[in-house]
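Colleague: Could you look at this predicted model? Sequence included:
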Amino acid sequence: MDLTPYLEALRSDLSAAAAPGGPETTRAAELLGHALEASARLALLQALSDAAAEITTRLHGPVVDVRLRGREADLVVTEPAFSAPPAPAPPPADGGDLARLTLRMPESLKTHVEQAAAAEGVSVNAWLVRAVTAAAGAAPAGPPPDARRGRPGKRITGFAQA
């Protein structure tokens, strides 16, 4: 968007307003119009920036920016990359308190888990909770694997595959 026509219109209006005062006043208005051009250009850019910010807040998604190229201002609308909101972690099956667990896995598996979680737009923790919940729900009925060692339900062993 070229701001020059707007600035010329402002300068012309200033000269027209000064015309009844005679040639000296008209000449002073012309000089004043040229002196104010830089300030008026900045004021127009600020108005465009404020308008872009207000429009952006009302769009709920796309972002409107004012970009300067030389003496021209361009309004640019940018659509944000779509990313699904992170899915909340499922509540614990028994509704009990949350517990912290240290999990050791090969680095290559960790990398794969991180990539899978990122692809789904969730945290690694949420992805692992979902995977463990699905694995525990799909496990055959019967005593837990550690029951034979006297610690029923306290440990899950195995690996996750995505």
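Modeller: The structure has been received and is ready for your questions.
Colleague: Could I get the full set of strands for this structure?
Modeller: Assignment of strands within the chain using DSSP state E yields the ranges 63-69, 72-78.
Colleague: Any chance of those in JSON lines with mean neighbour count, mean pLDDT and distance to Gln115 as columns?
Modeller: Where C-beta positions appear, they are placed from N, C-alpha and C, glycine not excepted. Shown next, in JSON lines, are the strands of the chain (neighbours: other CB atoms under 10 Å; pLDDT from 0 to 100; distance: least, CB to CB, whole Å):
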{"stretch": "strand 63-69", "mean neighbour count": "13", "mean pLDDT": "80", "distance to Gln115": "28"}
{"stretch": "strand 72-78", "mean neighbour count": "12", "mean pLDDT": "81", "distance to Gln115": "26"}
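Colleague: Can you tell me which of these is nearest to Ala126?
Modeller: strand 63-69 (27.4 Å; CB to CB).
Colleague: Show me what that closest one is in contact with.
Modeller: The contact list for strand 63-69 (CB atoms under 8 Å, 6 or more residues apart in numbering) reads 45, 48-49, 52-53, 55-56, 73-78, 80.
Colleague: sorry, back to before: what's the closest of the strands of the chain to Glu30?
Modeller: Per CB to CB, nearest to Glu30 of those: strand 72-78, 24.3 Å.
Colleague: Tell me where the model's unsure across this structure.
Modeller: Filtered on pLDDT under 70, the chain yields the residue ranges 81-96, 138-162.
Colleague: Quick check: most distant residue from the centroid of it.
Modeller: Ranked by distance from the centre of the chain (CA atoms, centre = their mean), the top residue is Gly22, with 56.9 Å.
Colleague: Now the phi/psi pair for that residue, please.
Modeller: phi 100, psi 180 (degrees, to the nearest 10).
Colleague: What's the biggest helix in this protein, counting residues?
Modeller: Counting residues, the longest helix found in the chain (DSSP state H) is helix 37-59.
Colleague: Can you point out the buried residues in it?
Modeller: Neighbour-count burial for helix 37-59, with 16 or more other CB atoms under 10 Å as criterion, is recorded at 40-41, 44, 48, 52, 56.
Colleague: follow-up on the earlier one: of all the strands of the chain, which lies closest to Ala9?
Modeller: strand 72-78 (16.2 Å).
Colleague: Just the angle for the closest one relative to strand 63-69, thanks.
Modeller: 150 degrees (axes from the mean of the first three to the mean of the last three CA atoms, to 10 degrees).
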